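Participant: Build the 3D model from these lines:
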Amino acid sequence: MIKEYCFTAQDLDKALLLGPAYSIAHLLNNKKYALSDFDVFEIHEAFAGQVLANVKCLADEILCKSELDLDKAIGEIPIEKLNVHGGSLSIGHPFGATGARLLTTAVNRLQNENAKLGLLASCAAGAHGHAMIVEAC
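Facilitator: Next up is the predicted model:
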């Protein structure tokens, strides 16, 4: 079940490919979830370094305070729970259907791993972001 979702947009010159960090921060801040609440993480990447940059942004207190208007860092995504079957580069980045691929992968992982909550995120057009929380039924 889709619990929550959001879309964000940033200045392209300032936040190129960091949409997932902005959208995850917005979603977690507004709904009072913590990264520790999630069993499954799926983040779309344009390339591997981009996912790592977003993960680092969420853990960086200075960036979270100055750019995301938060009181503290969101925290660290556990790498062992992130894109465990690979990401968009290895599983697929179907033009116009990346979100469906992310959602399908996250929901299947919830079921196969007997997990409860998943967090997925993606970027688009350079500085847009999307994040979604899904829950196993």
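Participant: burial count for Cys6?
Facilitator: Cys6 has 19 neighbouring residues, counting by other CB atoms under 10 Å. Quick note: C-beta positions are derived from backbone N, CA and C, even for glycine.
Participant: quick one, phi/psi of it?
Facilitator: Listed backbone geometry of Cys6 is phi -150, psi 160, with angles given as degrees, to the nearest 10.
Participant: my read: it touches Asn29, true?
Facilitator: No: the pair Cys6 / Asn29 is not scored as a contact, 10.0 Å apart, by CB atoms under 8 Å.
Participant: Let's see the pLDDT reported for Gly92.
Facilitator: Looking at Gly92, its pLDDT stands at 68.
Participant: Show me where the chain has its strands.
Facilitator: Secondary structure of the chain (DSSP state E): strands located at 2-9, 40-43, 117-124, 128-135.
Participant: Now do the second one: which elements does it pack against?
Facilitator: With contacts defined as 3 or more CB pairs under 8 Å, 6 or more residues apart in numbering; DSSP states H and E, the packing partners of strand 40-43 are helix 48-59, helix 98-112, strand 117-124.
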